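S.K.: Have a look at this prediction, sequence included:
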Amino acid sequence: MRLELSEVTKSFGAHRVLDNISLDLEGVRAFVLIGPSGGGKSTLLRILAGLERAEAGRVAIDGTALPSDEEALRKYRCGVGTVFQAYNLFPHLAALENIMLPLEKVHGLPRAEARERAFGTLRRFQLEAHAHKKPAQLSGGQKQRVAIARAVAIKPRLLLFDEPTSALDPEMTAEVLEMIEELKLEGRDLVLVTHEMAFARVAADQVAFLDEGKILECGPPGEIFGGARSEGCRRFLGKILRY
Amino acid sequence: MPAEIHELEPPLWHRAASFLLAVAFLAGVFTFAFSTVGYHWNWRSVWVYRALFLQGWLVTVVLSAIALVASCLIGVALALLRRTPFLPLRYLSRICVEIIRGTPLLVQLLIFFYVVATAFGIENRYVVGVLTLSVFSGAYISEVIRSGIESIGQSQLDSARAIGLTTVQTYRYVIFPQVIRQILPPLAGQFASLIKDSSLLSIVSIGEFAFNAQNVSSYTYSNFESYIPLAVGYLLLTLPISLWTQSLERRNRFET
């Protein structure tokens, strides 16, 4: 995909979360955002997901600018798959129903077809044994994998992940990252906010480092992890990779 | 899914004996009190009016049932108004709820009955009574619903938006199904209150259970022979609700 940001700004109250960000990436498949908490990476992802609106600037994916009115933005959201850190699934619905809900109510599939596709998606990720379980009966990793399956089932043009493993223990983190990698290998475009640097290094083809609302650095992972130019990024990586 | 958790519960005979002991204690206290006061029971004269009791009780059941449905509708409306982006409506809902919850039903009944209903030409006292009761109870229910809606986390609302649900769909498929299960116990408690509160309709001469019992009391010059059946009649309605509430609470505890 081609991802263009030009002079994107976003504030919450007096706090400027994204400060005049510009970027133009051509042919990027896996774009990973790293940086300290509060640096603006989640906000940028939420803008790409159509959940927040930039107050200034332009965001375009494959040449099409993201709309600014809510209804057009909702239509845009229908075409992308977003997975958050936790509590993605609706607790009153079983795994299968969670996947069926957008297929049936948003994308207008007949119930039987929605069911079939939802079940097929679960089977693809070896989750069919959990189809009829409520989220409370699933492990954290299983919940995230079902959430990813829900995002994939709608056949999105783009997958967005906002720290999808931050609430998980290392073993579950691995199973979720494996799934994301699998999706990347089958050629899906994705944007990922993560603290898993080892994963960013192998899976990303572009990494951006955000701090204090600015992109301080952006490039292939080899470049960023090999020798970051900016002081902020070097310090961040030095701290996070020490242990 | 019915999950079963075996709490550490004392054996049946232990519970039965304890229950009887508690009942005996209460019965003892009241038997002592009534005999000390030297109250002369005269059930025969009251028994003559048994049909009046039954009729009043049925009127109470019907009035409460209507008010129950109406108060739910009013409660949902007030709760939704409370969340609209249009500020005047939000304030309207808020002010109504605060005034209704902060003032006695008695005063509301008198104002509605003698002023509002008269001004708007509503003649039927039963209609006015049920409406007032519904608005009163609706204010409480709206607070129950509002807190239920607010308990749905922001992350779920984000997820709903992310998958492309509209606002109406989010309420329909995500919020309400969860809210309803969650608020059933406090809602049931509110229904029990509603049934008891309906006794106040007697002050505007609505022929419900309490009104008829008062009448019987004055026809027969009796006191407690009229009011004890009244208490029992209300318990017959509220006790099942209370037990149902407790079983709902137990079930919810297991499921979460």
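M.R.: Yep, it's here. Numbers count the residues shown, from 1 in each chain, chains lettered A, B, ... in the order given.
S.K.: burial count for the residue of chain A at minimum distance from chain B?
M.R.: Nearest to chain B in chain A, going by CB to the nearest CB, is A:Cys78, at a distance of 3.6 Å. From N, CA and C alone the C-beta is placed, and that goes for glycine too. By the criterion of other CB atoms under 10 Å in any protein chain shown, A:Cys78 has 18 neighbours.
S.K.: can I assume B:Thr132 is in contact with B:Gln108?
M.R.: Yes: if you go by CB atoms under 8 Å, B:Thr132 and B:Gln108 touch, sitting 5.9 Å apart.
S.K.: where exactly do the helices run in the stretch 1-150 of chain B?
M.R.: For the stretch 1-150 of chain B, the helices defined by DSSP state H, counting those that start in this stretch occupy B:12-37, B:43-47, B:50-81, B:87-102, B:105-111, B:117-119, B:125-150.
S.K.: nearest to chain A, of these?
M.R.: For chain A, the closest of the helices of the stretch 1-150 of chain B is helix B:125-150, at 12.8 Å, according to CB to the nearest CB.
S.K.: anything in the closest one sitting right up against chain A?
M.R.: No: against chain A, helix B:125-150 shows no contacts by CB under 8 Å from any CB of the partner chain, the least distance being 12.8 Å.
S.K.: between that helix and helix B:50-81, how many degrees?
M.R.: 40 degrees (axes from the mean of the first three to the mean of the last three CA atoms, to 10 degrees).
S.K.: How about the contacts made by the residue of the stretch 151-256 of chain B found nearest chain A?
M.R.: Residue nearest to chain A within the stretch 151-256 of chain B: B:Gly164 (3.6 Å; CB to the nearest CB). Going by CB atoms under 8 Å, 6 or more residues apart in numbering or on different chains, B:Gly164 touches A:Arg74, A:Lys75, A:Arg77, A:Cys78, A:Pro102, A:Val106.
S.K.: what does stretch A:157-170 rub up against?
M.R.: A:1, A:42, A:45-46, A:48-49, A:61-62, A:79-86, A:140-141, A:144, A:147-148, A:151-152, A:172-173, A:176-177, A:180, A:183, A:188-196.
S.K.: mind running it again at 7 Å?
M.R.: A:1, A:42, A:45, A:48-49, A:61, A:79-86, A:140-141, A:144, A:151, A:173, A:176-177, A:180, A:183, A:188-196 (CB atoms under 7 Å, 6 or more residues apart in numbering or on different chains).
S.K.: Now the residue of chain A closest to chain B: closest residue in space, sequence neighbours ignored.
M.R.: If the residues on either side of it in the chain are set aside, A:Cys78 comes closest to B:Gly164, at 3.6 Å by CB to CB, 6 or more residues apart in numbering or on different chains.
S.K.: what's the helix or strand for B:Ile180?
M.R.: Here B:Ile180 sits within helix B:176-197, counting by DSSP states H and E.
S.K.: Mind checking the pLDDT average for that helix?
M.R.: Helix B:176-197 shows a mean pLDDT of 89.
S.K.: got the angle between that helix and helix B:50-81?
M.R.: Using the same axes, to 10 degrees: helix B:176-197 against helix B:50-81 is 140 degrees.
S.K.: So which elements touch helix B:176-197?
M.R.: Other elements packing on helix B:176-197 under the criterion 3 or more CB pairs under 7 Å, 6 or more residues apart in numbering or on different chains; DSSP states H and E are helix B:50-81, helix B:125-150, helix B:224-255.
S.K.: three-state assignment of the residue nearest in space to the middle of chain A?
M.R.: By CA atoms, centre = their mean, chain A has its centre lying nearest to A:Phe161, at 1.8 Å. Secondary structure for A:Phe161, judged by DSSP: H, G, I helix; E, B strand; the rest coil, is strand.
S.K.: residues in chain B within reach of chain A, list them.
M.R.: B:153, B:155-156, B:158-159, B:161-166, B:169, B:173-174, B:177-178 (CB under 7 Å from any CB of the partner chain).
S.K.: got the residue ranges for the strands in chain A?
M.R.: Remark: strands assigned in chain A by DSSP state E are A:3-12, A:15-25, A:30-34, A:56-61, A:64-65, A:80-83, A:158-162, A:190-193, A:206-211, A:214-219.
S.K.: what lines up beside the second one in the sheet?
M.R.: In this case it means strand A:15-25. Strand A:15-25 has the following sheet partners, assigned by DSSP bridges: strand A:3-12 (antiparallel).
S.K.: Residue 209: how many residues sit nearby?
M.R.: With no chain named, the answer covers chain A. Look at A:Phe209: counted by other CB under 10 Å, it has 25 neighbours.
S.K.: Please refer instead to chain B.
M.R.: Burial of B:Phe209 is recorded as 29 neighbouring residues (other CB under 10 Å).
S.K.: who touches residue 101 in this structure?
M.R.: Went with chain A since none was named. By CB under 7 Å, 6+ apart, the contact set of A:Leu101 is A:Leu93, B:Tyr173.
S.K.: nope, chain B
M.R.: For B:Arg101, the contacting residues are B:Ala139, B:Tyr140, by CB under 7 Å, 6+ apart.
S.K.: same deal with the one 5 residues further on?
M.R.: Each residue near B:Leu106 by CB under 7 Å, 6+ apart is listed here: B:Leu200, B:Ile203.
S.K.: how about the helices in chain A?
M.R.: A:41-48, A:70-78, A:95-101, A:111-124, A:140-153, A:170-185, A:197-203, A:221-227, A:231-240 (DSSP state H).
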